[in-house]
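1. Have a look; sequence and predicted model below, questions after that.
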Amino acid sequence: MESKVIKVAVAGNPNTGKTTLINALAGTNLHVGNWPGVTVEKKEAFIEYEGYKIHLVDLPGTYSLSNDVAEEKIAIDFLVKEKPDLVIDVVDATNLERNLYLTIQLLELDIPLIIALNMWDEAEEKGISIDYKKLEKLLCCKVIPTTAVKGEGIEKLLKAVVEIYKEKEKFHCTLHLEDQLEEELRNLKDMVKKIQPLLLDIYPERFLLLSLIEGNTFFIDLAVDSRILEKAKKIREKLEKLYHRDISTLFVEERYSIIISIYEQCVKKSADENFDLTLFLDKIFLHKVLGFPIFFFFMWILFKFTFELSAPYVDWLDSSLSEVITPIVYHFLTDVGTSPWLRSLITEGIIGGVGFVLVFVPVLFFLYVFMAILEGSGYMARAAFLMDRVMAVFGLSGKSFIPMLIGFGCNVPAVYATRTLENPKEKILTTLMIPFMSCGARLTVYAFFVTIFFTQYKTVVILFLYILGVFVAVVIAFIFQKFVFKSEAIPFILELPPYRFPTIRFILRNAWIKTKAFLYEAGTFILATSIIIWFLLHFPVNAKKPEESLFGKISYTIAPIFEPLGFGEWEAAGSLMSGFVAKEVVLSTMGNIYSGEIVEETPENITLTEGIKQIITEFITANIDAAKNFLSIFGIYQPEPEGEEEDSSLIKAVRDAFSPLTALSFLVFLLLYTPCMATVFAIRQELSSWKWTGVSVLISFTSAWIVSFIVYNVGKLIIGG
């Protein structure tokens, strides 16, 4: 017998602990994606409880249900059209008066409601006493105190969901407005009932009538009869004239008069003067002089910890795949008599493609861990507040700066970090800027070229490239803001939550849910692209030299495009083409191309037992190295410098193929052109749009060509002069 499904919408203001609560309810059984057609994050999960399957849908955080903005439209559309069985309203117990505004509007929808009075422990610590039983009576709905970070009240909340669903009674709670307003609502209802009763069948009665009078009909799919609209307009004009204020303000004031009455009856505050940690810390972290240095220090910590701690695990995964899994599979396929091309496809195309996805996992996981710490502590909101004035010049808010900063380490997690941006236009603009942030993979190629051509000016050249990337990103943002997103910037309104100590459970669960979402959705696109690249490099099967393969022929075809940039040879074009897989692949491709033949290496044979032993041993080593890296950040441990092996034949070949000027032009193009396929996929996944993914790829390639052309030709003029 199939269990019955209870559809539950989880609503609430931003910063009420809604995400923490739904994580506590759903555990790791949480699917993260985007709402259809928009870039706003969608979380949903199915939970088995007492023979019922509870379908949780996390609505975007909103302060009201009255505005035509993405988050509120999503919430209204779901609540009105999807008709959930009940709603869990997550309310901040420390700020009940403000939170109850959304609660009042949710009651107007006539859907069974449960209030999760969250952060109950913090309210008690602050001397706030809430009579939640009286609150239940006044609001005609179940109220349950919860502390989501500690998992307190979660069981009671689930039990209440089932109990209310079982009752099957028509939920009805009307909180009356002023008599004159109620009379006008009745008049409008009578007219709708007479002329177009279908509206009352489809939409919640009270919410519909209030919305018609207020003029907010964006959620109504039917064509409303003109007589009803005219009647609503006359009522609106009459009320505005009677109360001397616009209708929206009038309704807000009326709702708040109800809220204040309820609040005064249910809430008491201790007269004791407690030390306010949030106020004290804000004086330091938001100080006009100290705020920015502290912000950059925390961003350095985020950046440093993420990439230093993830590096040993990245190396471990890479080693496990290349030295253990690939050899074992290779020799197994050899033993069973598979053909060389099939063996190569499986080991290089398929395992290599999956491995490329897995290598990003430690970086993403540690990034999400440290972002969860900053977000859960309340500091991330302060960081956005600090950077807002700087980013506003380019039509962005302070929240955009953090993903861009992360992009200097790796563009992939930087794109995923744009999930913190609620404004769709801001998210698109920030995502378009991220590929211009020079990631760590590009640095390996920079280091190789500057060692050959700019020995005395290594630091200057690399610094120039990093600054150039930021400059081009800023120019692109400015152009788009002026000519594409020409609408006025949305005011940056952000509530600063109190400082908290996020729990280990919250941090790890939050990080794992987001990492799992990447693993769940990323594999197919990257795997398919890896297989395509493999085919290009290995067909026809009788090709003995790189230029004889499809890869070589395509490289020959596109090489003239780069002629005006100073590097029109097919070898350079082919190296850049392979950089679409990963920027560090540019060097290995050069090594293969300049060697003059396609090298098929036979991996060393290894037994399954030896492989498992090596994986375990290297994992232990990775943990030790991560601990050493952690200590080295604070100067407690100084790692020994690693020696670098130089490929003298490759260096000679590159020195013969490039001049200092063409090398610089090549590096500029490498900096700005189409990002790696993992970044392209991340852009597609986050923006849910092939159109904007294509725009990003086109802008990157076009910018790279134009800037490299300028660098090369200006350089020729200077040298010629």
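-> Arrived safely, thanks for sending. All values derive from a computational prediction rather than experimental measurement.
2. okay, now Ile47: neighbour count?
-> Residues contacting Ile47 under the criterion other Cβ atoms under 10 Å number 18. Heads up, the C-betas are built off the backbone N, CA and C, glycines and all.
3. hey, where'd the helices end up in the stretch 301-450 of the chain?
-> Using DSSP state H, counting those that start in this stretch, the helices of the stretch 301-450 of the chain run over residues 326-335, 340-344, 351-359, 361-377, 379-392, 401-406, 411-416, 424-433, 440-453.
4. So which bits of the second one are buried?
-> Right, the one you point to is helix 340-344. By neighbour count on 16 or more other Cβ atoms under 10 Å, the buried set for helix 340-344 is 343-344.
5. What helices and strands are in contact with it?
-> Applying 3 or more Cβ pairs under 8 Å, 6 or more residues apart in numbering; DSSP states H and E, we find helix 340-344 packed against helix 326-335, helix 504-538.
6. Extract the C-alpha set from the next helix or strand after the longest one and format it as CSV.
-> Toward the C-terminal end, the helix or strand that comes next after helix 504-538 (DSSP states H and E) is helix 550-558. Below are the C-alpha coordinates for helix 550-558, written out as CSV (Å, rounded to 0.1, in the frame of the first residue of the first chain):
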residue,chain,number,x,y,z
LEU,A,550,40.4,15.2,-36.4
PHE,A,551,41.8,17.4,-33.6
GLY,A,552,44.7,18.4,-35.7
LYS,A,553,42.5,19.0,-38.8
ILE,A,554,40.2,21.2,-36.8
SER,A,555,43.2,23.0,-35.3
TYR,A,556,44.4,23.7,-38.8
THR,A,557,41.0,25.1,-39.8
ILE,A,558,40.7,27.5,-36.9
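7. Quick check: pLDDT value at the most centrally placed residue in the chain.
-> Nearest to the geometric centre of the chain sits Arg419, at 2.7 Å (Cα atoms, centre = their mean). On the pLDDT scale, Arg419 is placed at 74.
8. Name all residues that make contact with it.
-> Contacts of Arg419 were listed using Cβ atoms under 8 Å, 6 or more residues apart in numbering, and they are 41, 686.
9. and if you look at Ala45?
-> Counting by Cβ under 8 Å, 6+ apart, the residues that Ala45 touches are 22, 25-26, 29-31, 55-56.
10. how does it look with 6 Å?
-> By Cβ atoms under 6 Å, 6 or more residues apart in numbering, the contact set of Ala45 is 26, 29-30, 56.
11. can you tell me how far Leu302 sits from Val460?
-> 27 Å (Cβ to Cβ, to the nearest Å).
12. Same drill for the two, tell me which one is more crowded.
-> Taking other Cβ under 10 Å, Leu302 and Val460 do not tie; Leu302 has more neighbours (22 against 11).
13. Tell me the spacing between the more buried one and Arg98.
-> Taken as Cβ to Cβ, the span from Leu302 to Arg98 is 30 Å.
14. Include distance to Lys137 and mean pLDDT when you put the helices of the stretch 301-450 of the chain into TSV, please.
-> Output for those, formatted as TSV (distance: least, Cβ to Cβ, whole Å; pLDDT from 0 to 100):
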stretch	distance to Lys137	mean pLDDT
helix 326-335	66	86
helix 340-344	72	79
helix 351-359	54	66
helix 361-377	34	81
helix 379-392	35	77
helix 401-406	44	78
helix 411-416	45	82
helix 424-433	41	87
helix 440-453	59	79
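15. Pick the most buried one from those.
-> helix 411-416 (a mean of 28; mean count of other Cβ atoms under 10 Å).
16. That helix packs against which elements?
-> For helix 411-416, the packing partners by 3 or more Cβ pairs under 6 Å, 6 or more residues apart in numbering; DSSP states H and E come out as helix 361-377, helix 401-406, helix 677-687.
17. Give me the residues contacting the first one.
-> Spelled out, it's helix 361-377. So helix 361-377 is contacted by 302, 305-306, 309-310, 313-314, 380, 410, 413, 502, 506-507, 510-511, 514-515, 518 (Cβ under 6 Å, 6+ apart).
18. Buried residues, the host helix or strand of Ile462. List them.
-> In this structure, Ile462 is located in helix 458-483 according to DSSP H and E. Residues 461-462, 464-466, 468-470, 472-473, 476-477, 480-481 are the ones in helix 458-483 that count as buried (16+ other Cβ under 10 Å).
19. Also stretch 680-698?
-> In stretch 680-698, counting by 16+ other Cβ under 10 Å, buried: 680-689, 692-693, 695-697.
20. Measure how far that stretch is from the centre of its chain, please.
-> Offset of stretch 680-698 from its chain centre (Cα atoms, centre = their mean, to the nearest Å): 14 Å.
21. and that stretch, C-alpha only, in CSV?
-> Extracted C-alpha coordinates of stretch 680-698, given in CSV (Å, rounded to 0.1, in the frame of the first residue of the first chain):
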residue,chain,number,x,y,z
VAL,A,680,30.4,26.4,-18.7
PHE,A,681,28.3,23.6,-17.2
ALA,A,682,28.1,25.5,-13.8
ILE,A,683,26.9,28.6,-15.7
ARG,A,684,24.2,26.5,-17.5
GLN,A,685,23.2,24.9,-14.2
GLU,A,686,22.9,28.1,-12.2
LEU,A,687,21.3,30.3,-14.8
SER,A,688,19.1,27.5,-16.2
SER,A,689,19.5,29.1,-19.6
TRP,A,690,21.4,28.0,-22.7
LYS,A,691,21.0,31.5,-24.0
TRP,A,692,23.0,33.1,-21.2
THR,A,693,25.5,30.3,-21.3
GLY,A,694,26.0,31.0,-25.0
VAL,A,695,26.3,34.7,-24.3
SER,A,696,29.0,34.0,-21.6
VAL,A,697,31.0,31.9,-24.1
LEU,A,698,30.7,34.4,-26.9
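22. The stretch 1-150 of the chain: strands as residue ranges?
-> 4-12, 31-34, 41-49, 52-58, 86-92, 113-118, 128-130, 142-145 (DSSP state E, counting those that start in this stretch).
23. Of all the residues in stretch 139-154, which ones are buried?
-> Neighbour-count burial for stretch 139-154 [16+ other Cβ under 10 Å]: 139, 141-149, 151, 153-154.
24. just these now: which is nearest Asp246?
-> Checking those against Asp246 by Cβ to Cβ gives Leu139 as the nearest, at 27.4 Å.
25. how much space between the closest one and Lys133?
-> From Leu139 to Lys133 the distance is 11 Å (Cβ to Cβ).
26. what bits of the stretch 51-200 of the chain have low per-residue confidence?
-> Counting by pLDDT under 70, the stretch 51-200 of the chain contains low-confidence residues at 68-70, 168-174.
27. returning to what we had before: of the contacts of Ala45, closest to Lys628?
-> Leu30 (34.2 Å).
28. And for the closest one, nearest residue in space, chain neighbours not counted?
-> Distance criterion Cβ to Cβ, 6 or more residues apart in numbering; nearest residue to Leu30, sequence neighbours excluded, is Ala45 at 4.5 Å.
29. Endpoints of stretch 129-149, how far apart?
-> 20 Å (Cα to Cα, to the nearest Å).
30. Return the distance of the nearest residue to Ile507 once chain neighbours are set aside relative to Asn23.
-> For Ile507, ignoring the flanking residues on the chain, the nearest one in space by Cβ to Cβ, 6+ apart is Ala372 at 4.5 Å. Here the distance between Ala372 and Asn23 works out to 10 Å (Cβ to Cβ).
31. what's the overlap in contacts for these two?
-> In contact with both Ala372 and Asn23: no residue, using Cβ under 6 Å, 6+ apart.
32. what distance separates stretch 448-468 from the centre of its chain?
-> Its chain's C-alpha centre and that of stretch 448-468 lie 32 Å apart, by Cα atoms, centre = their mean.
33. With distance to Ile612 as added columns, please give the buried residues of stretch 139-154 in JSON lines.
-> Compiled in JSON lines, those are given as follows (distance: Cβ to Cβ, whole Å):
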{"residue": "Leu139", "distance to Ile612": "59"}
{"residue": "Cys141", "distance to Ile612": "56"}
{"residue": "Lys142", "distance to Ile612": "53"}
{"residue": "Val143", "distance to Ile612": "54"}
{"residue": "Ile144", "distance to Ile612": "48"}
{"residue": "Pro145", "distance to Ile612": "49"}
{"residue": "Thr146", "distance to Ile612": "44"}
{"residue": "Thr147", "distance to Ile612": "43"}
{"residue": "Ala148", "distance to Ile612": "40"}
{"residue": "Val149", "distance to Ile612": "38"}
{"residue": "Gly151", "distance to Ile612": "36"}
{"residue": "Gly153", "distance to Ile612": "44"}
{"residue": "Ile154", "distance to Ile612": "39"}
